[in-house]
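1. Need the 3D shape of this:
(3 chains)
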Amino acid sequence: MKGLTLYPMKKVEIIVRGEDLSFVLDLLERANVSGYTIVHNLSGKGSHGFHEGHLLFNEEDTLAMVVSVMPEEKARSILEGFAPFLNKHSGVVFVSDTMVSRIEKFKR
Amino acid sequence: MKGLTLYPMKKVEIIVRGEDLSFVLDLLERANVSGYTIVHNLSGKGSHGFHEGHLLFNEEDTLAMVVSVMPEEKARSILEGFAPFLNKHSGVVFVSDTMVSRIEKFKR
Amino acid sequence: MKGLTLYPMKKVEIIVRGEDLSFVLDLLERANVSGYTIVHNLSGKGSHGFHEGHLLFNEEDTLAMVVSVMPEEKARSILEGFAPFLNKHSGVVFVSDTMVSRIEKFKR
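-> Here you go, the predicted model:
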C-alpha cells in the first residue's frame, strides 16, 4: 500500500478452554510479546465436543480466544512452547500474516 | 518459519444475525468441518443498518461471528453453499490464508 | 479457489479502549466503509497496561475490537487517518489480506 510503510508481522490466534487461559497468557508473557487481546465467552465445537458460552464470570465452561501480533521469531517460539499443551488439551492455534503501521508498538 | 512445520489452511469468518446462526452451524456441520468457534453479542453496521449488541441471552437482535479453519476444498464448498443465503439475508463471509501446526486437529 | 470468484480485500482490525470506540466508528463512517463489526468487552494487555473485561454496559474500562473489510485504498486512508490518534492513545491496528465472494457487499 503506497504512501504508508507497513511492516509484516504474524497474528497468532489461540482458542482454548477458559480454564486454560492462564496457561496461554503465561506462555505469551514468557515469550515477551508486546501485548495481547482476549475474547471471552465464546462457544464452539472441536475435537472434544461442544462448549456452551455463558454470560457468567465463571470461565470454566467456556472458550476464550487470545489474539497477539508479533514478529515471526516470537510466533515460532510460541508455537513450539504450545505444542506439548496441544498434545493433551483441547485447543487450536492459527498463525496468519498481517501488517502493522506502528512497528514500535510490537517491539520491546 | 523454520524448525516447525506449518500447514496452509483457510480461515472462514462468517458474520450473520443471531437468528441466522443455526443456519450457519448446520452448513458447517454438513461440510464436515472439524470445529468452529462462535463470538456472540457483536454489534455492527452493514447494508441492512445498525445492529445493537446486548448482553442478553436472546440472540435475535445481535450479530454473531463464526470462525472456522479448514482445508481449501471445504472452504469452497461452504462459500458455494452459503451463496443463496447471502442473496436474501444480511451477512458477510471472509476467507483468509492461515497456517496451523497441528494438521490432525483440522481433519476428520 | 476454483469454481468461485473471490475478490481480494483488506481486513482492518482496530483494538482500542471502549471510550475511544466512537472515534474509530466516526473514522470508518467518514471513510465510507460499507460495514463493520464490533466485538465488545475484551480484556488485554498492551503498552498501557492490563485492561479488564467486565460484563457491564459501561464500555469505559474495557477494550473493543472493530473489524471491517474494505478495498485497499480505503484501508490506506483509514490507517493515515488513524495515525495521529495512535500517537497519543492506546490502540493497535492490523491490516490483513482476505477474500470475499460477494464484492457488491463491500462497495458503496
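
2. Could you list the residues of chain A in contact with chain C?
-> A:1-4, A:6, A:9, A:11, A:34-40, A:55, A:57, A:69, A:96-102, A:105-106 (Cβ under 8 Å from any Cβ of the partner chain). (Each C-beta comes from the backbone N, C-alpha and C, glycine too.)

3. Now intersect these with the helices, please.
-> Under the assignment DSSP state H, the residues of chain A next to chain C contribute nothing to helices.

4. Show the buried residues in the residues you listed.
-> Buried members of these, counted by 16 or more other Cβ atoms under 10 Å in any protein chain shown: A:6, A:9, A:11, A:34-40, A:69, A:96, A:98-102, A:105-106.

5. Report the secondary structure element holding A:Ala83.
-> helix A:72-88 (DSSP states H and E).

6. so what secondary structure elements neighbour that helix?
-> strand A:7-17, helix A:21-30, strand A:92-100 (3 or more Cβ pairs under 8 Å, 6 or more residues apart in numbering or on different chains; DSSP states H and E).

7. any idea how far A:Phe85 is from chain B?
-> 11 Å (Cβ to the nearest Cβ, to the nearest Å).

8. How confident was the prediction at that residue?
-> As predicted, A:Phe85 sits at a pLDDT of 92.

9. Likewise for A:Leu56?
-> Reported pLDDT for A:Leu56: 42.

10. again, but for A:Lys74
-> pLDDT at A:Lys74 comes out at 95.

11. What about it, how many residues nearby?
-> A:Lys74 is flanked by 20 other residues according to other Cβ atoms under 10 Å in any protein chain shown.

12. so where's chain A shaky on pLDDT?
-> Within chain A, the ranges that satisfy pLDDT under 70 run A:1-3, A:47-61, A:108.

13. how about a cut-off of 90?
-> Residues of chain A meeting the criterion pLDDT under 90: A:1-5, A:41, A:44-62, A:86-90, A:101-108.

14. In contact with the residue lying closest to A:Leu42 once chain neighbours are set aside: list those residues for me.
-> Spatial nearest neighbour of A:Leu42, excluding adjacent residues (Cβ to Cβ, 6 or more residues apart in numbering or on different chains): A:Leu63 at 4.1 Å. Applying Cβ atoms under 8 Å, 6 or more residues apart in numbering or on different chains, we find A:Leu63 in contact with A:15-18, A:42-44, A:51, A:53, B:37.

15. Next, give phi and psi for A:Leu63.
-> With angles defined as degrees, to the nearest 10, A:Leu63 sits at phi -100, psi 160.

16. Test of understanding: give the bridge partners of it.
-> Note on A:Leu63: beta-bridge partners by DSSP bridges are A:Arg17, A:Leu42.

17. would you list the helices and strands packed on helix A:72-88 in a markdown table and tack on distance to C:Phe82?
-> Below are the helices and strands packed on helix A:72-88 laid out as a markdown table (distance: least, Cβ to Cβ, whole Å):
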| stretch | distance to C:Phe82 |
| --- | --- |
| strand A:7-17 | 15 |
| helix A:21-30 | 25 |
| strand A:92-100 | 12 |
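
18. Out of the ones you listed, which gets nearest to A:Ala75?
-> Closest of the helices and strands packed on helix A:72-88 to A:Ala75 is strand A:7-17, at 3.9 Å (criterion: Cβ to Cβ).

19. Brilliant, that's me finished.
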